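Enquirer: Predicted model and sequence below, questions to follow.
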Amino acid sequence: MDWYAILEFSRGPMFYTALLVFMAGMTYRLFSTILLGWQADRVPNRGSKLRGVAVSYLKGFGIWPFFPWVKGTLSRNPVTYLAGGLFHLGLFVVIFLGTAHMLVWKSLLGFGWPTLALPIIDWLSAVTIVAMIALAINRRINPVLRLISGPAEWTNLIIVFLPMITGYMTTHHLWFRYETLFSLHMLSINLMLIWIPFSRISHFMFYFFSRTFHGAQAGKRAVAP
Amino acid sequence: MSTQDVTRAPVAKTAVDTFVKTTGSWVATQLEACTRCGICAQACHFYEATGNPEFAPVWKVELLRRAYEQRFTPPGKLKVALGLDKPVTDRDIQHWSTIVYEACTLCNKCAMVCPMGIQLGPLIHEVREAMAASQVVPADLVTAIRKQEELGSPLGVTEEMWEERIEWIADEWEVDIPIDVQGAETLVVFTSIEVMKFPENVVAIARILNAAGEKWTISTPGREVVNFGVFEGNPERTKLFMARLFDAARSLGVRRLVVTECGHAYDLLRWTAHNMTDVPVEITHIVAVIDDLLNKGRIKLQAGKYDSLGPIAFHDACKIQRRGGHIQEPRNILRILAPNSFREISPNREESICCGGGGGVIAIQEADPLRYKVFELKMRQMAAAGTKTITMTCANCRLQFTDGIKHFGLDVQVRGLAAMVADALIEE
Ligand code: HEM
Ligand code: SF4
Ligand code: SF4
């Protein structure tokens, strides 16, 4: 097989198409939900909604999106919190602060930024991969997670796992030739980009709705969200 | 298809239609935000007490999610076509009816824990709305609803019974209870739980308001603050029962309506009513009124009156504290009444665990074993704090505590906060 041609295609036209699908898909998701209609809230406030929203985000983003603020949540969901937190942390750091990824951003946006040294990124990627495996095992054995996980949940995990593992293999030249690994990495990224708008991975967008709503509901009652 | 068998009405269709009708953007964005992480499970006292995964909050809204996805989203439609997701059936509706009425008190603790901040309590209430529309509501709840509709109170207290009872309370305790006074400032609405089971609470509130020189009244047509329409999830009945109060308030010309010890009524009247109907008066809760009277110096209390009772704890009611906002007021009051013996149980405030009797659960006999099981969590909390007296501002919680303590034979006293305040009044 001509992996050079596949690489050219998957990091060229296919990547741009995938990006377009991603953006168009997310836009569609956004509008199809927010156009269902909102009811005006006519209840007189007791506290400040704005303050509630601000605190809600401080809590949501404070350490990383999963800081267990409520007593007993960490000890009762250790794997979900620790592995889930490390996975998202790794994901975001690698995507934005890895040199190779920053260069892609630079080519798309026209400007770049300082990045972290490769060994740090490399180590973090490994942690992220292990965390994802831990999340998968947890999803298999925890009775609640078993009940609420269908094919869609498993597909999400696998589709996010593939770019991670192929990216790691590419930097380490594991088992296959470089251009093969790089092609697989690009193909899996394209797959993920196309998949996100059709799946629950789009939670990163709706997060801003639910957190805002939660903050406002607590804030107007003068309760800490 | 020919004629429909009425005994087998298409409940699933009615339910799904209701889901679809109530799905606005707030429901959609909340459902979309869920990552299926399962963290909410451990927050729910029903899951924690039983370990039954079906009691996970996220699973309680499963039908709503399915209906929403299958009706509104392309992936949802595709999933059904491919057989990856199941359409909602009549059996599902029956099954979930038990889960959302008997194993959920709509306490909304789960929302505090969900990393995405999803408002699971209100979403589960949407599920109840669909159940109510398809008439798969537990029989005991239906009985109570009928009584409230026909007699004016879910406990079956008629107007004559109520009048006699109030008269008896006023005589027995020698306290003034103004009835139907035109031009009063404040309309106080009790629950029939208080009037019938905790009359000392009625007395206490009367004594406090009288001592403060408040111009207040109770109302015969607007005598029941409990609203079983909320528990059922029936907006029409909810509005009907609310209208009785607002009409009374209008005709008396009062400025404000004080909800006494009823959590769900407070959440409804203070935090939801404005979005359902016109609210003619300011709404507040008795614990906020008492705190305000203290701050203004209109009543005075004997400081430290209850310090000799041993450890006293406060139970935060879901709908008056976490959902109501009156977290600080009862603590201010207890710091005066029992500065040395007041103890917090853990967790508390907005993170507190529900007593297990809210949301109409206590009215459903079938749910009794579950309700007692859940109460064990409360017992553990009280034991850990060494509590000998527990006080609260919700009569429904109080019913659950009194019943639970009797059931398990505990050595703990349950007291209403208003009664503690009234007994400590310094009357000039
Ligand atoms: C604002 C940004 C985001 C927030 C607040 C957020 C939040 C969460 C939360 C709370 C969970 C559940 C806990 C867990 O299982 O770890 C979760 C799960 C997950 N997230 Fe995110 N996330 C964000 C962005 C992303 C992005 C950009 C991706 C991937 C491209 C992603 C992929 C996943 C996956 C695959 C899971 C499921 C893990 C599992 O199966 O247990 N998230 N997210
Ligand atoms: S609202 Fe309360 S009872 Fe209902 S699912 Fe959430 S935590 Fe459980
Ligand atoms: S905690 Fe929130 S995001 Fe996680 S499963 Fe429950 S509702 Fe969904």
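Expert: Looks like it came in fine. Numbering: from 1, shown residues only, chains lettered A, B, ... in the order given. Ligands and ions are numbered 1, 2, ... in the order given.
Enquirer: dump the residue contacts of residue 22.
Expert: Looking at chain A here, since you left the chain open. Contact analysis of A:Phe22 by CB atoms under 8 Å, 6 or more residues apart in numbering or on different chains lists A:Leu193, A:Ile194, A:Ile196, A:Pro197. Yep, even glycine has a C-beta here, placed from its N, CA and C like the rest.
Enquirer: my bad, the chain I had in mind was chain B
Expert: Contacts of B:Thr22 (CB under 8 Å, 6+ apart): B:Glu126, B:Glu129, B:Ala130.
Enquirer: Helix, strand, or coil at B:Thr284?
Expert: strand (DSSP: H, G, I helix; E, B strand; the rest coil).
Enquirer: same thing with the one 4 residues further on?
Expert: Assigned by three-state DSSP, the conformation of B:Ala288 is helix.
Enquirer: correct me, but it touches B:Glu329?
Expert: Yes - with contact defined as CB atoms under 8 Å, B:Ala288 reaches B:Glu329; the gap is 5.5 Å.
Enquirer: Who wins on neighbours among the contacts of B:Thr22?
Expert: Across those, neighbour numbers were computed from other CB atoms under 10 Å in any protein chain shown; B:Ala130 holds the maximum, 29 neighbours.
Enquirer: how much space between that one and B:Phe198?
Expert: According to CB to CB, to the nearest Å, B:Ala130 and B:Phe198 sit 34 Å apart.
Enquirer: With the flanking residues excluded, which residue is spatially nearest to the residue sitting furthest away from the middle of chain A?
Expert: The outermost residue of chain A, judged against the average C-alpha position, is A:Pro44 (36.7 Å), by CA atoms, centre = their mean. Distances taken as CB to CB, 6 or more residues apart in numbering or on different chains put B:His274 closest to A:Pro44, at 7.1 Å, once the chain neighbours are dropped.
Enquirer: do the same with A:Ser48
Expert: A:Gly219 is the one closest to A:Ser48 (CB to CB, 6+ apart), at 5.5 Å.
Enquirer: quick one, phi psi at that neighbour?
Expert: phi -60, psi -40 (degrees, to the nearest 10).
Enquirer: residues in contact with it?
Expert: A:Asn45, A:Gly47, A:Ser48, A:Lys49, A:Leu50, A:Arg51, A:Gly52, A:Val53, A:Val55, A:Ser56, A:Pro225.
Enquirer: can we see that at 7 Å?
Expert: A:Gly47, A:Ser48, A:Lys49, A:Leu50, A:Arg51, A:Gly52, A:Val53, A:Pro225 (CB atoms under 7 Å, 6 or more residues apart in numbering or on different chains).
Enquirer: Equivalent analysis for B:Phe228, please.
Expert: If you count contacts by CB under 7 Å, 6+ apart, then B:Phe228 has B:Ala144, B:Ile145, B:Gln148, B:Pro154, B:Gly360 around it.
Enquirer: returning to what we had before: let me know the helix or strand that the residue farthest from the centre of chain A is in.
Expert: Using DSSP states H and E, A:Pro44 falls within no helix or strand.
Enquirer: So what does it look like in phi/psi?
Expert: Per degrees, to the nearest 10, the backbone of A:Pro44 is at phi -70, psi 140.
Enquirer: B:Val414 too?
Expert: Per degrees, to the nearest 10, the backbone of B:Val414 is at phi -110, psi 130.
Enquirer: Verify the stated contact: it with B:Arg398.
Expert: Yes - between B:Val414 and B:Arg398 there is a contact under CB atoms under 7 Å: 5.9 Å.
Enquirer: higher neighbour count, those two?
Expert: B:Arg398 (27 against 21).
Enquirer: Go through the contacts of B:Thr22 and flag which are in helices.
Expert: Residues of the contacts of B:Thr22 located in helices (DSSP state H): B:Glu126, B:Glu129, B:Ala130.
Enquirer: tell me, which of those make contact with ligand 2?
Expert: Near ligand 2, judged by CB under 6 Å from any ligand atom, there are no entries from these.
Enquirer: show me where pLDDT drops low in chain A?
Expert: A:62-67 (pLDDT under 70).
Enquirer: Scan it for its longest helix.
Expert: Ranking each helix of chain A by length (DSSP H) puts helix A:118-141 first.
Enquirer: Mind listing what's buried along the helix or strand just after it?
Expert: Proceeding N to C from helix A:118-141, the next assigned helix or strand is helix A:143-148, under DSSP H and E. Burial within helix A:143-148, assessed by neighbour count using 16 or more other CB atoms under 10 Å in any protein chain shown, is assigned to A:Val144, A:Leu145, A:Leu147, A:Ile148.
Enquirer: Same list (the residues you listed) but as JSON lines, adding distance to A:Met14.
Expert: Formatted as JSON lines, these follow (distance: CB to CB, whole Å):
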{"residue": "A:Val144", "distance to A:Met14": "38"}
{"residue": "A:Leu145", "distance to A:Met14": "34"}
{"residue": "A:Leu147", "distance to A:Met14": "37"}
{"residue": "A:Ile148", "distance to A:Met14": "34"}
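Enquirer: Report the two of these separated the most.
Expert: A:Leu145 and A:Leu147 (7.3 Å; CB to CB).
Enquirer: Within reach of ligand 1, which of the buried residues of helix A:143-148 are there?
Expert: Of the buried residues of helix A:143-148, not one also sits near ligand 1 (CB under 6 Å from any ligand atom).
Enquirer: With respect to B:Ile405, which of these is nearest?
Expert: Using CB to CB, the buried residues of helix A:143-148 come closest to B:Ile405 at A:Val144, 30.9 Å.
Enquirer: Report the spatially nearest residue to the residue in chain A that chain B sits nearest to, omitting neighbours in sequence.
Expert: Residue of chain A nearest chain B, by CB to the nearest CB: A:His214 (3.0 Å). Nearest non-adjacent residue to A:His214, counting by CB to CB, 6+ apart: B:Gly117, 3.0 Å away.
Enquirer: Now do the SS call for that neighbour.
Expert: coil.
Enquirer: what pLDDT does it get?
Expert: Listed pLDDT for B:Gly117 reads 91.
Enquirer: Correct me if wrong: it contacts A:Thr212.
Expert: No - under the criterion of CB under 7 Å, B:Gly117 is not in contact with A:Thr212, lying 8.3 Å apart.
Enquirer: Flag every residue of chain B that's near ligand 3.
Expert: B:34-40, B:57-58, B:114, B:116, B:118, B:120.
Enquirer: hmm, try it at 5 Å
Expert: B:Cys34, B:Thr35, B:Cys37, B:Ile39, B:Cys40, B:Val58, B:Cys114, B:Met116, B:Ile118 (CB under 5 Å from any ligand atom).
Enquirer: Was I right to think the last one contacts B:Arg36?
Expert: Translated: B:Ile118. No - B:Ile118 is beyond contact range of B:Arg36, at 11.2 Å (criterion: CB under 7 Å).
Enquirer: So between these two, which is more surrounded?
Expert: Of the pair B:Ile118 and B:Arg36, B:Ile118 is the one with more neighbours under other CB under 10 Å, namely 30 against 17.
Enquirer: right, is stretch A:147-167 up against chain B?
Expert: Yes - judged by CB under 7 Å from any CB of the partner chain, stretch A:147-167 comes into contact with chain B at A:Leu147, A:Ile148, A:Ser149, A:Gly150, A:Pro151, A:Glu153.
Enquirer: For that stretch, buried residues please.
Expert: A:147-149, A:152-153, A:155-157, A:159-167.
Enquirer: what does stretch B:164-176 give?
Expert: B:Arg165, B:Ile166, B:Ile169, B:Ala170, B:Val175.
Enquirer: so where does the last one fall, helix or strand?
Expert: Read that as B:Val175. With DSSP H and E as the test, B:Val175 turns up in no helix or strand.
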